[in-house]
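J.: 3D, please:
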Amino acid sequence: MNSVYEFGVRTLEIAGLGSALQALRLPFGKEARSVVNTNYAINPNSTANGETWDAFSFKQDILLHPKDKELIETLVKRGDEHSKVLRGVMVWCEINAPRYWWVEMDTYRVGAERLSSESTMHIQGKGMPEEELVEFKEHLEEGHMQKRVWVFSYQTLRRIYFQRRNHRLPQWRAFCGWIKTLPFAEEFITIENE
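T.: As a prediction, the model looks like this:
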């Protein structure tokens, strides 16, 4: 089967762990124990493939202190109100899913945002006159696959994981499988509550 018809999740970017670590111990009036080194550079007028581009590079090296990791695990096990630091760790991903799955994903509005999606009007309905386009969209099947780019906080992914990991729809189980591949997922997302 062609991959365009298969459910899939692809990680695009993960960010915010360094900033979350800096915020971790603020309620206690203490500094983070972890070491976060951030470097970025803007290189306007870079050349690639014979064209001029603006280039931006961002690099963050994080040395996660065992005590910071242990504190996050403890807070996560105590619930959302204690683990608010996870709201700052963000994951951008590309998801290819059927329309019936997207209807259920719309349940998650806090800590989740759809950045963009494939347009049936501009892709499948390109060049159709208005009446034909309306009829096409009215009869679009629930199994129609659509690719979207979303951003989630680790805290929201934790909620999704525990609410959907044993769901009857295989797409939810696959999505939860993807969650388990993220950095520190075992410690910060899939760890059971106390």
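J.: Grab the longest helix from the protein for me.
T.: Identified as the longest helix of the chain according to DSSP state H is helix 66-78.
J.: Give the partner strands of the helix or strand just after it in its sheet and their orientations.
T.: Counting by DSSP states H and E, the element after helix 66-78 in chain order, helix or strand, is strand 90-98. If you go by DSSP bridges, strand 90-98 pairs up with strand 8-15 (antiparallel), strand 145-153 (antiparallel).
J.: could those go into a markdown table alongside mean neighbour count?
T.: Where you see a C-beta, it was placed from the backbone N, CA and C, and this is true even at glycine. What follows is the strands paired with strand 90-98, written out as a markdown table (neighbours: other C-beta atoms under 10 Å):
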| stretch | mean neighbour count |
| --- | --- |
| strand 8-15 | 14 |
| strand 145-153 | 18 |
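J.: okay, the ones you listed in CSV with mean pLDDT and distance to residue 133 next?
T.: Shown next, in CSV, are these (pLDDT from 0 to 100; distance: least, C-beta to C-beta, whole Å):
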stretch, mean pLDDT, distance to residue 133
strand 8-15, 97, 28
strand 145-153, 96, 16
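J.: And those strands: which comes nearest residue 97?
T.: Of all the strands paired with strand 90-98, it is strand 145-153 that lies closest to residue 97, at 6.8 Å by C-beta to C-beta.
J.: Next secondary structure after that closest one?
T.: In the C-terminal direction, the helix or strand that comes right after strand 145-153 (DSSP H and E) is helix 154-164.
J.: ok, back up a step: minimum distance to residue 64: which of the strands paired with strand 90-98 has it?
T.: Using C-beta to C-beta, the strands paired with strand 90-98 put strand 8-15 closest to residue 64, at 13.8 Å.
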